[in-house]
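Engineer: I'll drop the sequence and a predicted model, then ask my questions.
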Amino acid sequence: MVPSLKARALHLPGLTRRTALLSLGAAALAGPARGQPAAWPTRPIRILVGYPAGGANDLVARAVATPLSQSLGQPIAVENRTGAAGTIAADAAKRAEPDGTTLYMMSSAQVLAPFVRRDVGFDPVADYTPIAMCASAPYFLVVHESVPARNVAELVALAKSRPGQLSYASSGVGAGPHLTSSLFMSVAGIELNHIPYRGDADALVDLVAGRVQVSFISVPPTWPHIEAGRLRGLAVSSAERLAMAPDIPSVAESGYPGFDMGAWWGLVGPKGLPSAIVDRVATAVRPILDGAEFGQRFASQGISPARDTPASFAQRIAADKVKFAEIVQRAGITPT
């Protein structure tokens with residue numbers, strides 16, 4: 001049997017023995033080094049979500065929570081802290097103790113929030129510890145069936161030939177589709193009239209009726225109208241095509257390289273979350289996102305699993321913060 005460190009120290013001579021025993025005592029009092037919580041998790045975990053149950057943010061959180069609970073060996077509850085466009089949950093996550101018992105399913109909307117809302121009390125880069133980006137979803141670029149454009153190039157040409165005559169719908173001023181449209185108009189060199197609505201459902205009513213001609217709009221409610229021929233899908237706003245719509249190209253491959261806009265959702269913790277917890281959760285989440293069940297569950301909604309590491313997720317949040325600030329300024333959006 002190999003003797004313990006204490007037993008071996010007792011056989012050391014004089015001062016050397018005393019020094020060794022003191023060192024062992026100090027190490028015992030200090031416990032695990034910061035960032036090395038060997039026993040974590042020892043208590044139940046909660047994942048905060050800033051939106052009501054049933055939305056994409058909530059569904060992604062729940063799809064991750066159940067298998068993650070099994071992997072970590074602790075109950076994980078999804079807690080919906082709704083209100084103020086998701087900022088109530090964001091603020092609660094910011095103020096939580098960085099002990100791994102509170103995680104937060106951040107969305108790209110929270111990176112945008114400081115630029116479109118006044119008095120937002122959090123910084124999406126400085127106040128959180130990125131763990132794992134979980135999923136993303138693009139928008140469809142659609143036109144009403146009466147619009148003669150069959151692809152992005154034809155839409156741009158049409159808009160340039162009819163300045164001020166085409167209108168686009170969005171789900172609200174400062175929402176993701178509005179910013180995506182603003183970026184597209186900037187890179188394409190066109191101007192369309194903005195008609196903001198209170199959500200996708202209201203926008204779709206006027207799109208299908210032909211009262212507005214163009215829109216970047218969420219995938220799930222729009223896909224049936226594309227399939228029925230009432231709307232024509234010209235492109236998706238993500239860098240890659242959607243598996244559910246392989247014949248619809250991306251904006252990037254339609255003549256605008258680097259164009260990549262959409263919504264995303266990812267796990268973060270409070271600022272100062274120990275690296276050992278970050279690595280443990282990121283490692284446990286990876287096979288969940290890579291598994292067939294997760295992909296199949298969301299494929300019909302245009303939601304794709306992400307592949308970011310904690311480091312690349314942090315880079316994405318920082319890059320989106322810069323990109324959103326520039327788009328908001330270019331679009332002349334005033335925080336409300």
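Structural biologist: Thanks, I have it.

Engineer: where does W223 land in three-state SS?
Structural biologist: Of the three states, W223 takes helix under DSSP: H, G, I helix; E, B strand; the rest coil.

Engineer: is it in contact with A245, as I believe?
Structural biologist: Yes - using Cβ atoms under 8 Å, W223 makes contact with A245 at a distance of 7.3 Å. (Each C-beta comes from the backbone N, C-alpha and C, glycine too.)

Engineer: identify the contacts common to the two.
Structural biologist: F140, G302 (Cβ atoms under 8 Å, 6 or more residues apart in numbering).

Engineer: between the two, who's got more neighbours?
Structural biologist: W223 (20 against 17; other Cβ atoms under 10 Å).

Engineer: P163 - how many residues pack around it?
Structural biologist: P163: 10 surrounding residues under other Cβ under 10 Å.

Engineer: which residue, neighbours along the chain excluded, lies closest to it?
Structural biologist: Once flanking residues are discounted, P163 sits nearest to E191: 6.6 Å by Cβ to Cβ, 6 or more residues apart in numbering.

Engineer: and that neighbour, what is it in contact with?
Structural biologist: Contacts of E191 (Cβ under 8 Å, 6+ apart): A159, P163, G164, M185.

Engineer: what lines up beside the longest strand belonging to the chain in the sheet?
Structural biologist: Criterion DSSP state E: the longest strand present in the chain is strand 128-137. Strands that pair with strand 128-137, judged by DSSP bridges, come out as strand 263-270 (antiparallel), strand 304-305 (antiparallel).

Engineer: for whatever helix or strand comes next after that strand, name the packing helices and strands.
Structural biologist: Next along the chain after strand 128-137, taking DSSP states H and E as the criterion, comes strand 139-144. Using 3 or more Cβ pairs under 8 Å, 6 or more residues apart in numbering; DSSP states H and E, the elements in contact with strand 139-144 are helix 152-161, helix 176-188, helix 200-209, strand 214-218, helix 219-227, strand 231-236.

Engineer: tell me what angle strand 139-144 forms with helix 152-161.
Structural biologist: On the basis of axes from the mean of the first three to the mean of the last three Cα atoms, to 10 degrees, strand 139-144 is oriented at 60 degrees to helix 152-161.

Engineer: low-scoring stretches of this structure, by residue?
Structural biologist: Along the chain, segments meeting pLDDT under 70 span 1-38.

Engineer: for it, what's the longest helix?
Structural biologist: Longest helix of the chain, by residue count under DSSP state H: helix 310-331.

Engineer: ok, back up a step: most neighbours of all the contacts of E191, which one?
Structural biologist: A159 (22 neighbours).

Engineer: for that one, which residues are in contact?
Structural biologist: By Cβ under 8 Å, 6+ apart, the residues touching A159 are L166, A188, I190, E191, L192.

Engineer: in ChimeraX, select just the buried ones from these.
Structural biologist: Applying 16 or more other Cβ atoms under 10 Å to these, the buried members can be selected in ChimeraX as follows:
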select :166,188,190,192
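
Engineer: can you redo the strands paired with strand 128-137 as a markdown table with distance to I131 and mean neighbour count?
Structural biologist: A markdown table is the format used below for the strands paired with strand 128-137 (distance: least, Cβ to Cβ, whole Å; neighbours: other Cβ atoms under 10 Å):
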| stretch | distance to I131 | mean neighbour count |
| --- | --- | --- |
| strand 263-270 | 4 | 25 |
| strand 304-305 | 15 | 21 |
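
Engineer: pipe those into TSV and attach distance to R211 per row.
Structural biologist: Listed next are the strands paired with strand 128-137 as TSV, based on distance: least, Cβ to Cβ, whole Å:
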stretch	distance to R211
strand 263-270	25
strand 304-305	32
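
Engineer: which of the ones you listed sits closest to A311?
Structural biologist: Closest approach to A311 among the strands paired with strand 128-137 is made by strand 263-270 (12.8 Å; Cβ to Cβ).

Engineer: what sits up against the next helix or strand along the chain from that closest one?
Structural biologist: Following strand 263-270 in sequence order, the next helix or strand is helix 275-290 (DSSP H and E). By Cβ under 8 Å, 6+ apart, the residues outside helix 275-290 that reach it are 35-38, 40, 63-64, 67-68, 71-72, 100, 103, 129, 131-132, 134-135, 267, 269, 294, 305-307, 309-310.

Engineer: and helix 275-290, what's buried?
Structural biologist: Neighbour counts over helix 275-290 (16+ other Cβ under 10 Å) mark A276, I277, V278, R280, V281, A282, A284, V285, I288, L289 as buried.

Engineer: for these, which one is nearest A228?
Structural biologist: L289 (32.1 Å).

Engineer: from F298, how far off is the closest one?
Structural biologist: 10 Å (Cβ to Cβ, to the nearest Å).
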